[in-house]
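>>> 3D model of this:
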Amino acid sequence: MFSGPPADPAAPTPPAGSGTPLTGSGTPLTGSGTPLTGSGTPLTGSGTPPVDAATIALPVVVPPAAVTADVVPAGVVTADTVPTSGDGTGPTPSRFPTPPRLPVTAALAAAGLLALLIAVLGPGLAARGTGELRIPGAGLTTLLRTVLFTALAVHLGELLAPQLIRPVRGRPRTAVRSWSVYAALAGAAAAAGQIVQLAAVSGLGITETYATRDGGLLLLIANGLFIAAGCAASKRPALALAPLAVVIGAEAIRAHPEAYSPEIGAALTVVHLTAASLWTGGLLYVLRTMWLWRGSPVAARALLGRYARLAIWLYVALAATGTASTLRRLPLDVVFTSAYGRTLLVKLALMAVVSALAVAARRRMLRDTDPAVAHRLARREQAVLGAVVVVSAILTVVPDPHWISMRP
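Numbering: from 1, shown residues only. Next up, the predicted model:
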């Protein structure tokens, strides 16, 4: 490899091939290295050096080294240790937590049990000490209407959310599993259950119950949700909008049997129920999608931002229609002494919590590039919205507060 001065003629000449090539440390080298002469000519054949005796042949050998995960030095970053985004284009700063399955399952079971207790016991607790008439089967009716409202929210949310997802740039080509078919069937079953309960309470047969005002409207709701389930299972799920609109209209009419301007109350309920369903169901779908996209925080953050902008308008619609409905239905002298007034106060308190969580989530989303904290706040908002749905069902069951009002 290097050419030096002429060799001493008196020095003994080693026989060809008997020398041991050494590295700088004196360690014999083996492997696939190619020994070179001073002129760069590789040695071939029997290994006899060229005629130029002034050249000492030293092989240049790079010993193979196996590098495994066990011998990677500390601080060295490899492709296996760099977290990448969902499309593999670069590192992701996301810190979405991965909660253990057992605590999550226990928390969901506890939340479901709490919702069940509120639905079954809530009407009785709200009416205690008011002197109002007892509503037969109020707890079961509340539970069935909670299922109905939840079904509407899930189905409408799944129809809304894809419109928010489609414009997101760089989004993963994955989608969460649809729940709309199961939700619509559950809602249809809840409406049918209310028909059976109405027949049992009134002492009428099923066919005779269909002829009553509430029975006919509940039958329309059950059929509408069953048709919506069929549309959701088809290749054109957007067709479910028509039967869902019929369901919302029928529920709004059923909720206002009062003699004073029922058409105004029904119109307010249509807007209120639609906005509430889109808010609750849309947030549920967005949160599920964000969790699925946790490897692509930029897309997840963009999706939450698009939903937040729409939620502002839904909140305005809810506040306006809720205020108008309260002013027309709840006399001021029975706010604290009627089941309706007490339940409404609980709902307003829950909505205040929801509003605070929504504002906090939006601020964190605007401040941080990582949507994990905003996602956590939005999950809490979703949990409180679930309680709002249960309380709203109680509002449809408790007596009309005008019955105990002293105002003419």
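
>>> following the helix or strand hosting residue 263, which helix or strand shows up next?
Following DSSP states H and E, one finds residue 263 within helix 262-292. The helix or strand immediately downstream of helix 262-292 is helix 297-329, counting by DSSP H and E.

>>> what residues of that next one count as buried?
For helix 297-329, a neighbour-count test (16 or more other C-beta atoms under 10 Å) marks 297-308, 310-311, 314-315, 317-318, 321-322, 324-326, 329 as buried. From N, CA and C alone the C-beta is placed, and that goes for glycine too.

>>> in the next helix-or-strand element following that helix, what's buried?
Next along the chain after helix 297-329, taking DSSP H and E as the criterion, comes helix 339-367. Of all the residues in helix 339-367, those buried under the rule 16+ other C-beta under 10 Å are 339-344, 346-347, 350-351, 353-354, 357-358, 360-362, 364-365.

>>> check what pLDDT the residue lying closest to residue 140 once chain neighbours are set aside gets.
Once flanking residues are discounted, residue 140 sits nearest to residue 197: 6.0 Å by C-beta to C-beta, 6 or more residues apart in numbering. On the pLDDT scale, residue 197 is placed at 94.

>>> residue 197 reaches residue 141, doesn't it?
Yes - counting by C-beta atoms under 8 Å, residue 197 does reach residue 141; the two are 6.5 Å apart.

>>> neighbour-wise, which of these two wins?
residue 141 (22 against 17; other C-beta atoms under 10 Å).

>>> list the contacts of that one.
135, 194, 197, 397 (C-beta atoms under 8 Å, 6 or more residues apart in numbering).

>>> in a helix, it, correct?
Yes - judged by DSSP: H, G, I helix; E, B strand; the rest coil, residue 141 forms part of a helix.

>>> how much space between it and residue 213?
From residue 141 across to residue 213, the span is 16 Å (C-beta to C-beta, to the nearest Å).

>>> what does residue 275 give?
Counting by C-beta to C-beta, the gap from residue 275 to residue 213 is 26 Å.

>>> name the residue in these two with the higher neighbour count.
residue 275 (22 against 10).

>>> the more buried one is in contact with residue 317, isn't it?
Yes - the pair residue 275 and residue 317 qualifies as a contact (C-beta under 8 Å) at a distance of 4.1 Å.

>>> and the gap between residue 282 and residue 167?
15 Å.

>>> those two: who's more crowded?
A count of neighbours by other C-beta under 10 Å puts residue 282 above the other of residue 282 and residue 167, at 23 against 10.

>>> number of nearby residues for residue 200?
The burial count for residue 200: 14, using other C-beta under 10 Å.

>>> name the element it belongs to?
Judged by DSSP H and E, residue 200 forms part of helix 180-202.

>>> what sits up against the helix or strand just after that helix?
As assigned by DSSP H and E, the chain's next helix or strand after helix 180-202 is helix 206-210. The contact list for helix 206-210, computed with C-beta under 8 Å, 6+ apart, reads 195, 196, 198, 199, 202, 215, 216, 219.

>>> what's the mean pLDDT across helix 206-210?
92.

>>> residues of it that come out buried?
The neighbour-count check on helix 206-210 (16+ other C-beta under 10 Å) flags 209, 210 as buried.

>>> state the next helix or strand along the chain beyond that helix.
Past helix 206-210, the next helix or strand by DSSP H and E is helix 213-233.

>>> so what's the gap between that next one and the chain middle?
Mean-position distance between helix 213-233 and its chain equals 27 Å (C-alpha atoms, centre = their mean, to the nearest Å).

>>> from the contact counts, what lies against the very next helix or strand once past it?
Using DSSP H and E, the next helix or strand after helix 213-233 towards the C-terminus is helix 241-254. When contacts are defined as 3 or more C-beta pairs under 8 Å, 6 or more residues apart in numbering; DSSP states H and E, helix 241-254 packs onto helix 138-165, helix 213-233, helix 262-292.

>>> deepest in the core, which of the ones you listed is it.
Greatest average neighbour count among the helices and strands packed on helix 241-254 goes to helix 138-165 (a mean of 23), per mean count of other C-beta atoms under 10 Å.

>>> that one to helix 339-367, inter-axis angle?
20 degrees (axes from the mean of the first three to the mean of the last three C-alpha atoms, to 10 degrees).

>>> tell me where the stretch 151-300 of the chain is predicted with low confidence.
With pLDDT under 70 as the threshold, the stretch 151-300 of the chain has no low-confidence stretch at all.

>>> contacts only, for residue 324.
Taking C-beta under 8 Å, 6+ apart, one finds residue 268 in contact with residue 324.

>>> I'd like the numbering to begin with 36 instead of 1 from here.
Happy to do that; since the first residue is 36 now, the last one works out to residue 359.

>>> tell me the confidence at it?
At residue 359, pLDDT is 93.

>>> check the one 3 residues further on too.
Reading off the per-residue confidence, residue 362 sits at a pLDDT of 89.

>>> same question for residue 153.
Residue-level pLDDT assigned to residue 153 equals 89.

>>> so it is in which element?
Per DSSP H and E: residue 153 is located in helix 136-162.

>>> buried ones in that helix?
150, 153, 154, 157, 158, 161, 162.

>>> circling back to that earlier point, export the contacts of helix 241-245 as a markdown table, with columns for distance to residue 327.
Shown next, in a markdown table, are the contacts of helix 241-245 (distance: C-beta to C-beta, whole Å):
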| residue | distance to residue 327 |
| --- | --- |
| 230 | 38 |
| 231 | 38 |
| 233 | 41 |
| 234 | 43 |
| 237 | 47 |
| 250 | 42 |
| 251 | 42 |
| 254 | 38 |
